[in-house]
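Q: Fold the following, please.
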Amino acid sequence: MNHRIQAVADVLKKYRTFVLTTHVNPDGDGLGSEVALAEWLITQGKQVHILNHSATPDFYSFLDPNNRIKQFNEATDARTLADADVIVVLDTNHTDRVRSMQAHLLSSKAIKVCIDHHLDPEDFADHYLIDDDATSTGEIVYRLLVHLNENSLSPLISQALYCAIMTDTGSFRFPRVDAEIHRIIARLIECGADPVQIYHEVYEQWTAGRVQLLGDALASLRTEYNGRLAHITITQNDLKQTGTTEVDTDNFTIYPMQVAGVVAGILFLELKDGIKMSFRSKGDIPINELAKEFGGNGHKNAAGARLYNCSLADIKEVVLKAASKYITNGGFPA
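A: Here you go, the predicted structure:
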């Protein structure tokens, strides 16, 4: 890992013009990692653009007080990608996840850097800083910035990295959270991150519609396989009735997992053009293998998939049937 960190550090120090991006419907890890890296680069006199396919969710806007994050506009931003010295892709390692930016990213002659913690990277980058044992991309960016300069952690950078790690660890309760992660968190607090305020911004600023949407999701809760699998469903009508969007379902996957006896959970979300599925599991159940069966991927205990031009009713039946071999065979497919 150290030689990969050094290789990326050399790129960051050598070049001048950077574009940073993350996946569609960005979360706290992707956004926090972007902001932290951008702020450090700017202190080094670099020219930095943060361009994302999706708009930033309102409850993450506090991460970007300098309004550096922009939603990609092909008419005005395609040239920015083409002219960049370096493009850094954060918190995803597949270019289809940057959606409208994909073709421009791939055609750019810029040096491409991928910083991520997911499995099975696509072959598109010149440099990969990937650690699938890391809790988050924010953890990797932290290690990179400390490697670059022990004193690089400004209050804004610390806030962004704290949020990145907090959101991708379920507020520090997922299995990979160990003593070292808490030492990192302590350092970020010492450097200016405010745990109370960050938690408040992310988890205590819900709209009434989002709370109502959660109620609809919980009302749909069903269990399978003697209570070992739980799933919830959100339809387009649910979104319409509550005035919410896909972004508002962020973190809803924790609720099926809170049912006693449940070892795997699924969120089915009906899209205008297909279905999004979010998978979670406990222990040795490789839920990412189930996601792969439907064109998705992710971590062993947290994964996702999207399907297009299909009905919710048909997909639920197929997915729930496919899940049986992971749920009923000790966590391993037969």
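Q: which SS state does V88 fall under?
A: strand (DSSP: H, G, I helix; E, B strand; the rest coil).
Q: wait, doesn't it sit right on T22?
A: No - judged on C-beta atoms under 8 Å, V88 makes no contact with T22 at a distance of 9.5 Å. Where C-beta positions appear, they are placed from N, C-alpha and C, glycine not excepted.
Q: Tell me which residue of this structure is furthest from the middle?
A: Distance from the centre of the chain peaks at N226, with 31.3 Å (C-alpha atoms, centre = their mean).
Q: Skipping adjacent residues, who's closest to that residue in space?
A: Of all residues not flanking N226 in the chain, G261 sits nearest, at 7.9 Å (C-beta to C-beta, 6 or more residues apart in numbering).
Q: State the distance from the one you found to R99.
A: Counting by C-beta to C-beta, to the nearest Å, the separation of G261 from R99 is 38 Å.
Q: and what of S281?
A: Distance of S281 to R99, given as C-beta to C-beta: 27 Å.
Q: repeat for A82
A: Distance, A82 to R99, using C-beta to C-beta: 18 Å.
Q: try G45
A: 31 Å.
Q: Among the two, which residue is more densely surrounded?
A: More neighbours surround R99 than the other of G45 and R99, with 14 against 7 (other C-beta atoms under 10 Å).
Q: before we move on, what SS does that one have?
A: Strictly by three-state DSSP, R99 counts as helix.
Q: can you tell me which residues contact the closest residue to it other than its chain neighbours?
A: With sequence-adjacent residues excluded and distances taken as C-beta to C-beta, 6+ apart, R99 is closest to H53, at 4.0 Å. Residues near H53 by C-beta atoms under 8 Å, 6 or more residues apart in numbering: T21, H23, V24, Q71, F72, V98, R99, S100, M101.
Q: okay, now V8: neighbour count?
A: Neighbour tally, V8, other C-beta under 10 Å: 22.
Q: Would you agree it is in contact with V141?
A: No - the pair V8 / V141 is not scored as a contact, 10.1 Å apart, by C-beta under 8 Å.
Q: which neighbours do those two share?
A: Both V8 and V141 are in contact with I115, where contact means C-beta under 8 Å, 6+ apart.
Q: care to break the protein down by domain?
A: For the chain, automatic domain parsing gives the domain ranges 2-203, 208-327.
Q: ok, which stretches of this protein are strands?
A: Taking DSSP state E, the strands of the chain run over residues 17-22, 47-52, 69-71, 86-90, 111-116, 127-130, 222-224, 229-234, 264-271, 274-281, 297-298, 302-308.
Q: highest average neighbour count across these?
A: strand 86-90 (a mean of 28; mean count of other C-beta atoms under 10 Å).
Q: quick one: contacts of that strand?
A: Contact with strand 86-90 is made by 11-12, 15, 17-22, 30, 33-34, 37, 81, 95, 98, 105, 108, 110-116, 125, 137, 141, as judged by C-beta under 8 Å, 6+ apart.
Q: contact partners of the helix or strand of the chain with the lowest mean pLDDT?
A: Ranked by mean pLDDT, DSSP states H and E, the helix or strand of the chain with the weakest confidence is strand 297-298, at a mean of 89. Contact partners of strand 297-298, identified using C-beta under 8 Å, 6+ apart, comprise H94, H118, L119, D120, F279, I287, N288, A291, A303, G304, A305.
Q: which neighbours does that strand have in its sheet, and in what orientation?
A: Strands adjacent to strand 297-298 in the sheet, as given by DSSP bridges, are strand 302-308 (antiparallel).
Q: and the strand it pairs with, average pLDDT?
A: Strand 302-308 comes out with an average pLDDT of 94.
Q: now do stretch 168-178
A: 93.
Q: and that stretch, which residues are buried?
A: Across stretch 168-178, burial judged by 16 or more other C-beta atoms under 10 Å covers D168, T169, G170, V177.
Q: got those residues as a markdown table, with distance to A219 columns?
A: Output for the buried residues of stretch 168-178, formatted as a markdown table (distance: C-beta to C-beta, whole Å):
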| residue | distance to A219 |
| --- | --- |
| D168 | 28 |
| T169 | 28 |
| G170 | 23 |
| V177 | 31 |
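Q: Most widely separated two among those?
A: D168 and V177 (10.1 Å; C-beta to C-beta).
Q: tell me, what's touching those two both at once?
A: T135.
Q: What distance do you get for the residue nearest to I42 when sequence neighbours are not counted to G28?
A: Counting by C-beta to C-beta, 6+ apart, I42 lies nearest to V48, which is 5.6 Å off, once chain neighbours are set aside. Noted for V48: a distance of 20 Å to G28, by C-beta to C-beta.
Q: what do you get for L307?
A: Distance from L307 to G28, by C-beta to C-beta: 26 Å.
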